[in-house]
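Colleague: I would like the atomic coordinates for the input below:
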Amino acid sequence: MSTSSIQLPALTSSRLFMLLWIVYSFALSTVFQAFFTLYLVIPGYQKGISSLEELLNSGIRRGSYFYKYGTWCFEGNYTLNVCANALQCDSDLHCVESALKTKDLAFLSTPLDNEISLFFLRKRHKFCSINEYVHHMNVWSLVSIFSVHYDSINKLSIRLAQAGLFDIFKSDFLLAIKGIESTRMKSLKIFAKVQKTNTTQYYYNEDYENSEYFALALAHLFEPMIVLLFGYGVSVFVLIFEITHKKYLKKYF
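Modeller: Numbering: from 1, shown residues only. Below is the predicted model:
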C-alpha cells in the first residue's frame, strides 16, 4: 500500500495526516502479511480422515456392535489398535445414539444402515461417512448327511430364510430411527464437517507414513481479505477527499 497524495501538502495538519496515513498503510500491510503467513503455516484445518486406517490412528472412539461386526483381539499391533479405545454397543441404534450425544464417536455400519440414518437425521445432524471396501465372508457349516443333527440344522436354515428376517430388521430399524428423529435432542451435533479438500500423502518410509498435507481454503482468508478491502476503501476515500479539497482550495483561494 502507498499514499494517494498528488503532491506534498503545504499545511502542517495535512502533512501530519499524510504521515499518519503512511504509518497506517505500513501497519496494515504488516498485519495482512502476518495473517496471510499465519494461515499458510497453521491452516487451522481439522485433521482429515479419509480411510479406516486413519480413523484407527486418529484417537477417535469407535463404537461397534460386536455381535454383528465380529472383532477378535490378539497380541498384535494392528489388532490391539483396532480394539483399543472401542465402545461396545448393545445394538446399532445404541451406536447412533452415542454418536449424537458424545459427538466424538465413529461407528461401523452397512451401506443400507448408513443410507437410512442419513435419510432420517441429515436435516438436523451432519454425518461424515467413509466408504471402506471390505471382504465379504460367508460361513458354511458342513454337516454329514448321516449326522443326527442334519435334519434339525437343515430345517433351521430353511426357516431362517423363509422368515424374512431382513425385512423385519429393516422395518424395526426404520421405526427406531424415526424415534430418535422425533425426540429433538437439543444442542447436539454430530461430527464436525470435514473439508473434502484435505489430502493425505503416504510414504514408503515408516517415519513419514502419517505425514499429511492440508489444503488452504478461501474460508481461512476471510479475515485478511476484510482487512485488505478496508484498507483499499480508506485509500479511495482519502484520494477522493484530497482531490475535492484541492479543487476547493483552487476555487476559493
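
Colleague: other SSEs contacting the helix or strand harbouring Ser235?
Modeller: Per DSSP states H and E, Ser235 falls inside helix 222-252. Under the contact definition 3 or more CB pairs under 8 Å, 6 or more residues apart in numbering; DSSP states H and E, helix 222-252 sits against helix 12-41. Using the backbone N, CA and C atoms, a C-beta is placed for each residue, glycine as well.

Colleague: Phe107: how many residues sit nearby?
Modeller: 21 (other CB atoms under 10 Å).

Colleague: same question for Cys128.
Modeller: Cys128, neighbours per other CB under 10 Å, totals 12.

Colleague: three-state assignment of it?
Modeller: coil (DSSP: H, G, I helix; E, B strand; the rest coil).

Colleague: any idea how far Asp151 is from Ile158?
Modeller: 11 Å (CB to CB, to the nearest Å).

Colleague: and if you look at Leu112?
Modeller: 24 Å.

Colleague: again, but for Glu97
Modeller: 36 Å.

Colleague: the more surrounded of those two?
Modeller: Comparing Glu97 with Ile158 by other CB under 10 Å, the one with more neighbours is Glu97, at 19 against 10.

Colleague: can I assume Val31 is in contact with Ile226?
Modeller: No: applying CB atoms under 8 Å as the test, Val31 and Ile226 come out as separate, 11.4 Å apart.

Colleague: look at these two and report which has more neighbours.
Modeller: Comparing Val31 with Ile226 by other CB under 10 Å, the one with more neighbours is Val31, at 14 against 11.

Colleague: residues in contact with the more buried one?
Modeller: Val227 (CB atoms under 8 Å, 6 or more residues apart in numbering).

Colleague: over to Ala106?
Modeller: Ala106 touches Leu55, Ile60, Arg61, Arg62, Gly63, Ala99, Phe191, counting by CB under 8 Å, 6+ apart.

Colleague: and it, that's in a strand?
Modeller: Yes: with three-state DSSP as the criterion, Ala106 is assigned to a strand.

Colleague: ok, now how distant is it from Asn114?
Modeller: When Ala106 is compared with Asn114 (using CB to CB), they lie 12 Å apart.

Colleague: one more: Ser13?
Modeller: Where Asn114 is concerned, Ser13 sits at a distance of 69 Å (CB to CB).

Colleague: again with Val23
Modeller: 58 Å.

Colleague: neighbour count: the two, which is higher?
Modeller: Asn114 (16 against 10).

Colleague: let me know the helix or strand that the more buried one is in.
Modeller: helix 111-121.

Colleague: domain ranges for this protein?
Modeller: Taking automatic domain parsing as the reference, the chain has its domains at 12-43+216-252, 52-133+141-213.

Colleague: among the ones you listed, show the one with the smallest mean pLDDT.
Modeller: Across the domains of the chain, domain 52-133+141-213 has the smallest mean pLDDT, namely a mean of 62.

Colleague: about what we covered before: so which of the contacts of Ala106 is the most crowded?
Modeller: Ala99 (24 neighbours).
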